[in-house]
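[1] any chance you can model this:
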Amino acid sequence: MLGLINTRPIWNDEDNDLWTQNLRSELSSSYALLNAPLQRLSLKNSENFANDFDNWLQCFSLNQTSGYMIFTSPASVKALIKHLYSFQNTKKKFCHLEPNHTNITQRLTVAIQDQRLKVATIGVGTKNQLTEQINKLVKSKSISSNCFLNEVIHVENNADSSSFLDLHKEKLANTNLLILEGEGNKPTLEHGLKTISTNVNKIVLYERETCNFPPLFKFYNKVFRKNKPPKGVLNFNKKIFLLLSSSTIANLAKKELKKQKIELSSLIVLSHHDRIINVMRTDCQNLKFARILSLNPRLIADELKKY
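    Alright, predicted model coming up:
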């Protein structure tokens with residue numbers, strides 16, 4: 001038996017989300033899966049979201065300008081949808097909400113249909129999340145079939161804020177820009193956009209809470225069919241993969257592995273980005289890596305089949 005430790009962040013209200021379910025269904029029966037998220041995500045500024053987002057949409061509509069909503073991660077796509085759903089549910093319970101907020105989704109749909117408002121995502125994984133969730137984001141049957149999704153600008157490989165800016169600064173220059181991101185993101189994107197546009201806004205949609213690994217010796221015993229806790233440093237003997245989704249998660253994982261006395265070189269790191277690989281190599285030059293194109297569950301499973 002082989003093992004996969006999934007460290008991908010999870011939402012506080014989704015202990016068994018669809019992505020994790022898809023990963024489990026795609027994996028071969030020869031793999032044991034341990035879900036060990038190192039961050040939990042939750043919505044931030046729910047009270048102010050409706051005002052902030054609707055004010056931006058109204059200004060955008062009044063100015064008759066072109067612009068982009070920029071999603072920095074798959075979580076930012078999901079966070080926007082969660083905020084919209086939360087607002088709709090709140091609106092039904094309380095009658096004192098301002099009436100001009102009642103048509104946020106419709107305003108967003110119209111702006112996209114007019115093709116003045118376009119969407120950018122930093123990487124392909126975020127674009128894929130947007131493709132999956134588009135019908136929840138905009139209420140129009142025609143949106144997914146028009147050129148909107150085909151025109152989402154992004155970076156195909158090794159995406160980050162710097163490569164995104166280098167590739168798309170001409171398209172983004174002098175447009176109305178809205179960054180949708182999580183708390184604690186580096187300011188690289190915002191600073192870069194402000195050098196090419198005077199109208200850059202930002203809404204922080206979610207926050208992150210750091211989590212700890214569960215006792216990994218239990219997973220070791222499951223994979224290696226042992227009954228007793230191992231003594232000393234734990235060696236996974238290249239039979240357990242560690243899935244890392246960001247450099248932040250990689251740094252958290254290193255701390256957790258050290259705390260639990262796991263021999264880093266005994267793991268195989270599974271990742272889609274050179275930056276993550278470089279973070280892990282700083283502590284272990286001979287660490288083995290398995291490269292994937294994106295965090296798509298099927299692509300992950302296909303890579304693991306090679307072993």
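[2] tell me the mean pLDDT for the one helix or strand Leu180 maps to?
    Using DSSP states H and E, Leu180 sits within strand 176-182. Strand 176-182 comes out with an average pLDDT of 96.
[3] any idea which helix or strand comes after that strand?
    Next along the chain from strand 176-182, counting by DSSP H and E, comes helix 188-194.
[4] what's that next one packed up against?
    helix 161-172, strand 176-182, strand 200-210 (3 or more Cβ pairs under 8 Å, 6 or more residues apart in numbering; DSSP states H and E). The way it works is simple: take the backbone N, C-alpha and C, and place the C-beta from them, glycine included.
[5] let me have those in JSON lines, extended by mean neighbour count.
    Formatted as JSON lines, those follow (neighbours: other Cβ atoms under 10 Å):
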{"stretch": "helix 161-172", "mean neighbour count": "16"}
{"stretch": "strand 176-182", "mean neighbour count": "22"}
{"stretch": "strand 200-210", "mean neighbour count": "19"}
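[6] tally of neighbours for Asn48?
    11 (other Cβ atoms under 10 Å).
[7] what does Leu293 give?
    Neighbours around Leu293, by other Cβ under 10 Å: 14.
[8] and it, how far is that from Thr210?
    28 Å (Cβ to Cβ, to the nearest Å).
[9] repeat for Thr126
    22 Å.
[10] one more: Leu216?
    Counting by Cβ to Cβ - Leu216 and Thr210 are separated by 17 Å.
[11] can you say which of the helices and strands packed on helix 188-194 is nearest to Met69?
    strand 176-182 (5.0 Å; Cβ to Cβ).
[12] strand partners (parallel or antiparallel) of the closest one?
    Strand pairing for strand 176-182, using DSSP bridges, gives strand 67-71 (parallel), strand 200-210 (parallel).
[13] which elements pack onto the helix or strand that comes right after the shortest one?
    It stands for strand 67-71. Next in sequence after strand 67-71, counting helices and strands by DSSP H and E, comes helix 74-93. Judged by 3+ Cβ pairs under 8 Å, 6+ apart, helix 74-93 is in contact with strand 39-43, helix 46-63, helix 104-113, helix 124-137, strand 176-182, strand 200-210.
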